[in-house]
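Peer 1: Got a predicted structure plus its sequence, pasted below:
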Amino acid sequence: AQSVTQPDIHITVSEGASLELRCNYSYGATPYLFWYVQSPGQGLQLLLKYFSGDTLVQGIKGFEAEFKRSQSSFNLRKPSVHWSDAAEYFCAVDRSGGGADGLTFGKGTHLIIQP
Amino acid sequence: DAGVIQSPRHEVTEMGQEVTLRCKPISGHDYLFWYRQTMMRGLELLIYFNNNVPIDDSGMPEDRFSAKMPNASFSTLKIQPSEPRDSAVYFCASRTGGETQYFGPGTRLLVL
């Protein structure tokens, strides 16, 4: 079965510093990968997705992620964080790999921004 | 578009009562998903529909949970009887084809 691992439960970053959130997946075929963000008391908003093609994908709010098949990773990055980026971040993989199934989520990384 | 609509946003009930959560997917989307979010288990898929037909309900925790989609614009998730361990945030999501899932704001359920 597919699985997603986000090894960091909490990350604290100073405002203006760079950010990298880690995500590793376990899946036999080419995965469909996603990063979602959840602000307190809110639903999930899609930041970016990877289906195929260029392994570096750009998303909203200045985020990007790089798919590395050899490392089974899909890490999320941002060059300079803002206080409004404080939230919970979830990496997810489509269970079927073909976009026709539900998502398997990681446990999430809670991002704290220090002033 | 208004996005995925869920109601109620908050529900407090007593153990043993029936709870019904409602979802209106984005118009034109032919897939609908129900997820549950808890601190212990994170986000987990409960069931999903394609063209109003349940495709995979293997994530439904037990027979107390049931879901229906009587038409393309409405789905319900029912818990009967409810138990304190059902307390969670329940999300509905929809999409079309192989595209992105769009999530609703969630229903925060507390069973006392």
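Peer 2: Received the coordinates, thanks.
Peer 1: Show me what from chain A comes close to chain B.
Peer 2: Within chain A, the residues that sit near chain B (CB under 8 Å from any CB of the partner chain) are A:32, A:34, A:36, A:42-46, A:49, A:51, A:90, A:92, A:95, A:98-108. Glycine gets a C-beta too; all of them are placed from N, C-alpha and C.
Peer 1: Report the residue spans of chain B with pLDDT below the cut-off.
Peer 2: Counting by pLDDT under 70, chain B shows low-confidence ranges at B:1, B:98.
Peer 1: Show me which residues of stretch B:78-92 are buried.
Peer 2: For stretch B:78-92, burial by neighbour count (16 or more other CB atoms under 10 Å in any protein chain shown) applies to B:Ile79, B:Ser82, B:Asp86, B:Ser87, B:Ala88, B:Val89, B:Tyr90, B:Phe91, B:Cys92.
Peer 1: Touching, the fourth one and B:Met40? I think so.
Peer 2: Right, the one you point to is B:Ser87. No - the pair B:Ser87 and B:Met40 does not pass the contact test of CB atoms under 8 Å, sitting 10.9 Å apart.
Peer 1: okay but A:Gln6 is in contact with A:Cys23, surely?
Peer 2: Yes - counting by CB under 8 Å, A:Gln6 does reach A:Cys23; the two are 5.6 Å apart.
Peer 1: residue ranges of the strands in the chain, please?
Peer 2: As the question left the chain open, I've gone with chain A. Taking DSSP state E to define them, one finds strands in chain A at A:3-5, A:10-14, A:19-21, A:24-26, A:33-38, A:44-50, A:56-58, A:64-68, A:73-78, A:87-94, A:103-105, A:109-114.
Peer 1: that answer is for a different chain, and I need it for chain B
Peer 2: Assigned by DSSP E, chain B shows strands spanning B:5-7, B:10-13, B:19-24, B:31-38, B:42-50, B:53-56, B:65-71, B:74-79, B:88-95, B:102-103, B:107-111.
Peer 1: Work out which residue lies at the spatial centre of chain B.
Peer 2: Central residue of chain B (CA atoms, centre = their mean): B:Trp34, 3.5 Å from the mean position.
Peer 1: which residue sits closest to that one, ignoring its sequence neighbours?
Peer 2: Closest residue to B:Trp34 apart from its sequence neighbours, by CB to CB, 6 or more residues apart in numbering or on different chains: B:Leu46 at 4.4 Å.
Peer 1: dump the residue contacts of the one you found.
Peer 2: By CB atoms under 8 Å, 6 or more residues apart in numbering or on different chains, B:Leu46 lies in contact with B:Trp34, B:Tyr35, B:Arg36, B:Asp57, B:Gly59, B:Met60, B:Pro61, B:Phe65, B:Ala67, B:Leu77.
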